[in-house]
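>>> What follows is a predicted protein model with its sequence.
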Amino acid sequence: MKGNIDFQRNATANIERFWEKEAEKLDWFKPWDKVLEWKEPFAKWFVGGMLNASYLCVDCHLYSWHKNKVALYWEDEAGNTKAFSYFQLYREVNKFASMLKNLGVKKGDRVVLYLPMIPELTIAMLATARIGAIHTVVFSGFSSQALADRINDTSAEVLIAADFGIRRGKYIPLKDIVDEALKIAPIIEKVVVIKRTEEAINMVAGRDLIYSDLIKEADDYVEPVPLESSHPLYILYTSGTTGKPKGVVHSTGGYLAYIYATYKWVFDISDESVYWCTADVGWVTGHTSIVYAPLLHGATVLMYEGAPDYPNPDRWWEIIEKYGVTIFYTSPTAIKMFMRYGEERVKRFNLSSLKILGSVGEVINPEVWAWYYTHIGGERCPIVDTWWQTETGGIMISPVPGIELVPLKPGSATLPLPGIDAEVVDEDGKPVETGIKGHLAIRKPWPGMLMGLYKDPERYKEVYWSKFKGLFYTGDYAIKDEDGYFWLLGRTDEVLKIAGHRLGTAEIEGAVVEAPFVAEAAVIGTPDPIKGENIIVFAILKEGYEPADELKKEIIQEVRKQIGPIATPQEIHFVEKLPKTRSGKIMRRVLKTIIMGNPLGDLSTLEDEASVDEVKAVYEEFKQMMSGGA
Ligand code: AMP
């Protein structure tokens with residue numbers, strides 16, 4: 001343990017020298033003139049350096065034994081498979097890049113990718129990066145409205161979509177969703193459709209094009225464009241406390257150097273690894289762990305399309321055995337789900353290829369940790385509980401078996417990575433005593449740090465840098481113990497984590513009030529034993545409407561339409577008033593306290609106590625109804 005702490009202290013003492021050494025491990029077209037330009041809160045890393053992500057992830061592997069090794073295995077729930085060697089991936093990426101060029105896509109243009117978990121998603125990301133365009137991947141579980149919002153914010157003109165996604169044996173009509181979205185986002189001029197089924201789809205003449213036709217015209221090779229280190233690699237939208245999702249912008253050089261180093265430390269990844277991360281590429285975990293980090297390292301990536309327990313709960317263990325997965329990275333929600341099915345099922349599979357297990361997205365409680373360690377890792381594999389977020393680009397707090405194995409403590413993400421100066425602070429930004437809960441904050445810039453929010457520097461400053469002077473605000477609570485270990489305690493803000501997916505209460509409230517009969521809404525999250533949190537809606541109806549189950553159904557429909565099925569509310573309660581402060585802010589804390597049955601505490605800022613009584617009465621009635629009472 002001591003060694004790691006020393007390493008970390010040495011690293012944070014001179015971050016520029018430290019990160020420069022890590023960045024040198026990548027193959028740059030031109031070295032940088034300056035390691036860091038820090039005009040708080042804007043960081044530019046490796047200024048003047050030139051590189052290309054696609055070149056690093058594919059071309060670089062053509063000159064060694066990697067050329068003919070498998071870069072990407074793909075399998076879906078029905079057992080269909082594909083495999084691409086690094087050379088084949090290189091070829092596909094080049095052709096895709098040529099197709100984008102033929103469509104007129106240039107350096108700096110945004111390209112929206114609305115694709116399920118198919119190899120073309122990885123190929124499209126690398127192809128976009130190859131020509132210096134910027135990708136925005138929209139999770140294919142998001143609805144037409146969510147897709148349209150992201151298209152409009154990025155003002156992209158080209159969209160890549162698939163005809164269908166496939167989940168639990170059902171076809172999800174992605175192209176229809178695109179058509180809906182483009183009614184409110186008409187800026188898109190070209191839609192390239194990757195057809196994976198024989199089903200007929202609607203095609204708009206002049207706008208919609210079929211991928212397999214275009215690719216026939218594409219060249220085999222496209223020169224990777226040398227890009228300035230701070231050239232944006234991607235924009236990825238994520239939820240925050242207020243308003244619409246924020247477009248987090250990541251750089252090329254800083255981001256790639258950061259994830260290259262940290263995936264070595266955390267996962268001990270190498271060209272011999274078979275790496276399986278079960279996230280969707282539509283989230284940052286997928287961007288970094290399914291695409292960029294393993295390919296930079298010349299590892300073999302496994303990409304799986306489908307639900308974890310379909311067609312049966314053995315699917316994942318079958319896959320680990322079949323492909324000899326060495327590094328397995330998933331969420332506590334998934335592990336909890338498998339715990340329910342019992343370990344007997346797992347025992348039927350040979351999981352001895354596994355070397356390291358990872359956890360991400362939520363706190364992993366010690367019981368879940370122990371099950372994962374014992375039954376999946378066979379008590380051999382260290383668990384890396386990795387804390388990070390869309391904004392950090394890569395892992396920030398985690399054990400580092402690739403450097404040395406510190407004693408693990410189930411439920412703690414352990415220590416900040418070398419070069420990361422994390423602290424737990426009080427409301428004034430001062431470090432708290434050992435064992436006291438505070439805000440997790442980061443003191444110095446790091447190469448994977450977001451460059452900003454797309455087209456919104458003011459919001460970037462406001463959201464991350466205004467709460468504490470000189471500290472990056474993460475929005476998470478944490479405690480540091482006597483060994484300096486960090487224990488994450490959930491979000492401090494109005495952000496929910498549903499099955500590891502990040503959603504803002506404001507976003508869901510915005511969707512609820514789209515129902516024509518809703519005057520106002522408040523959303524809270526309550527604990528769920530499997531998926532982390534449930535979404536609970538309180539809605540005030542407009543004059544002339546009476547509470548009815550029909551209206552609840554319509555609200556659910558509206559939320560699914562505005563955001564997607566992941567945001568489906570668990571409970572909807574109609575009230576006449578919401579608890580608010582005197583300045584008119586909804587007191588979600590009060591709503592949550594009532595639902596949880598906890599003591600209400602200080603209500604001095606509450607405007608009208610009758611609202612609390614009403615919520616209590618409504619919830620009491622609901623509980624009685626659920627328990628079959630009067
Ligand atoms: P996202 O930006 O969607 O990746 O979500 C980031 C958020 O997920 C963080 O701010 C945390 O609240 C939560 N999170 C991620 N990893 C962990 C972890 N290992 N332990 C606890 N919470 C986590």
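Yes, it's here. Residues are numbered from 1 along each chain as shown.
>>> For the ligand, what's the nearest residue on the stretch 501-630 of the chain?
Minimum separation of the stretch 501-630 of the chain from the ligand (C-beta to the nearest ligand atom) falls at residue 502, amounting to 3.5 Å. (Each C-beta comes from the backbone N, C-alpha and C, glycine too.)
>>> Could you report the separation of that residue from residue 241?
Using C-beta to C-beta, to the nearest Å, we find residue 502 at a distance of 12 Å from residue 241.
>>> overlap in contacts of those two?
Overlap of the contact sets of residue 502 and residue 241 (by C-beta atoms under 8 Å, 6 or more residues apart in numbering) consists of residue 495.
>>> Can you pick out the residue with more neighbours from these two?
More crowded of residue 502 and residue 241, by other C-beta atoms under 10 Å: residue 502, with 19 against 15.
>>> Now for the nearest residue to the more buried one once chain neighbours are set aside: which residues touch it?
Nearest in space to residue 502, with sequence neighbours left out and distances taken as C-beta to C-beta, 6 or more residues apart in numbering, is residue 239 at 5.1 Å. Shown in contact with residue 239 (C-beta under 8 Å, 6+ apart): 245, 246, 495, 502, 503, 504, 507.
>>> How about the residues of the stretch 251-400 of the chain by the ligand?
283, 284, 360, 361, 362, 363, 385, 386, 387, 388, 389, 390 (C-beta under 6 Å from any ligand atom).
>>> Compile those residues into CSV and extend it with columns for neighbour count and secondary structure.
Compiled in CSV, those are given as follows (neighbours: other C-beta atoms under 10 Å; DSSP: H, G, I helix; E, B strand; the rest coil):
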residue, neighbour count, secondary structure
283, 21, coil
284, 24, helix
360, 25, strand
361, 23, coil
362, 22, coil
363, 20, coil
385, 27, strand
386, 24, strand
387, 27, strand
388, 24, coil
389, 18, coil
390, 21, helix
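>>> What residues are bridge-paired with the residue of the stretch 501-630 of the chain closest to the ligand?
For residue 502, the beta-bridge partners under DSSP bridges are residue 497.
>>> before we move on, the earlier item: cross the contacts of residue 239 against strands and list the overlap.
With strands defined by DSSP state E, the entries of those inside them are 246, 495, 502, 503, 504.
>>> my guess is residue 434 is in a strand, correct?
No - checked against DSSP: H, G, I helix; E, B strand; the rest coil, residue 434 lies outside a strand; its state is coil.
>>> okay, now the nearest residue to it once chain neighbours are set aside: neighbour count?
Nearest residue to residue 434 in three dimensions, chain neighbours excluded: residue 482, at 5.4 Å (C-beta to C-beta, 6+ apart). Other residues within reach of residue 482, judged by other C-beta under 10 Å, total 7.
>>> Over to residue 482. Which of the three states is it?
Of the three states, residue 482 takes coil under three-state DSSP.
>>> I'd like to know how far it sits from residue 436.
In this view, residue 482 and residue 436 are 12 Å apart by C-beta to C-beta.
>>> picking up where we left off before, Throw the contacts of residue 239 into TSV and include pLDDT, thanks.
Listed next are those as TSV, based on pLDDT from 0 to 100:
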residue	pLDDT
245	89
246	94
495	90
502	91
503	93
504	90
507	90
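>>> Now rank the residues you listed by neighbours and give me the top one.
When neighbours are counted as other C-beta under 10 Å, the busiest of the contacts of residue 239 turns out to be residue 246, with 27 neighbours.
>>> hang on, isn't that residue packed against residue 455?
No - with contact defined as C-beta atoms under 8 Å, residue 246 does not count as touching residue 455 (10.6 Å).
>>> Nearest to the ligand: which residue in the stretch 101-250 of the chain?
Per C-beta to the nearest ligand atom, residue 238 is where the stretch 101-250 of the chain lies closest to the ligand, at 5.1 Å.
>>> Thought residue 284 was touching that residue, still the case?
Yes - at 7.4 Å, residue 238 counts as touching residue 284 under the criterion of C-beta under 8 Å.
>>> can you list residues touching both of the two?
Residues touching both residue 238 and residue 284 (C-beta under 8 Å, 6+ apart) are 248, 389, 390.
>>> Of the residues you listed, which is the nearest to residue 226?
residue 248 (24.4 Å; C-beta to C-beta).
>>> And for stretch 580-591, what's in contact with it?
494, 505, 522-524, 536, 538, 578-579, 600, 603, 605-608, 611-612, 615.
>>> can you rerun that using 10 Å?
For stretch 580-591, contacts defined as C-beta atoms under 10 Å, 6 or more residues apart in numbering pick out 494, 505-506, 509, 520-526, 536, 538, 573, 575, 578-579, 593, 600-601, 603-608, 611-612, 615, 619.
>>> Report the buried members of those.
With neighbours counted by 16 or more other C-beta atoms under 10 Å, these contain buried members at 494, 505-506, 509, 520-525, 536, 538, 573, 575, 578-579, 593, 606-607, 611-612, 615, 619.
>>> What is the neighbour count of residue 111?
Residue 111: 27 neighbours (other C-beta under 10 Å).
>>> Please pull up the helix or strand immediately following the strand or helix carrying it.
Using DSSP states H and E, residue 111 sits in strand 110-114. Scanning forward in sequence from strand 110-114 by DSSP H and E, the next helix or strand is helix 119-130.
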